[in-house]
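Participant: Need a 3D model of the sequence below.
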Amino acid sequence: MSENEIRALCHKSRDIFLSQPILLELEAPLKICGDIHGQYNDLLRLFEYGGFPPEANYLFLGDYVDRGKQSLEVL
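Facilitator: Numbers count the residues shown, from 1 in each chain. Just a heads-up that it's a prediction; the model follows:
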């Protein structure tokens with residue numbers, strides 16, 4: 001991707017995030033997960049334990065990437 005494409009993607013992503021509600025009203029059953037930190041194998045293990053989307057619903061609290069070797073795959 002070119003720098004301009006990356007910038008456009010970032011701006012569009014920002015617009016989407018800012019348009020989302022601050023409070024989410026979610027329905028059970030729901031699995032709540034956090035701190036994946038780029039560990040793709042851990043993410044797959046979560047899905048194996050709790051079910052794969054879209055059959056199972058998940059709420060991820062953040063920290064998707066930064067420390068693990070497979071941050072891109074996690075996204």
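
Participant: So for stretch 33-51, mean pLDDT?
Facilitator: Taken as a whole, stretch 33-51 has an average pLDDT of 92.

Participant: Outside of that stretch itself, which residues are in contact with it?
Facilitator: 31, 53, 56, 58-71, 73-74 (CB atoms under 8 Å, 6 or more residues apart in numbering). (Glycine included, C-beta is placed from N, CA and C.)

Participant: List the buried residues of it.
Facilitator: By neighbour count on 16 or more other CB atoms under 10 Å, the buried set for stretch 33-51 is 33, 36, 38-40, 42-43, 46-47, 50.

Participant: related to what we said a few turns ago, and the contacts of stretch 33-51, which of them are in strands?
Facilitator: With strands taken from DSSP state E, the overlap with the contacts of stretch 33-51 comprises 31, 58-60.

Participant: what's the burial count for Glu25?
Facilitator: 5 (other CB atoms under 10 Å).

Participant: same thing with Leu26?
Facilitator: Neighbour tally, Leu26, other CB under 10 Å: 8.

Participant: What count of nearby residues applies to Met1?
Facilitator: 8.
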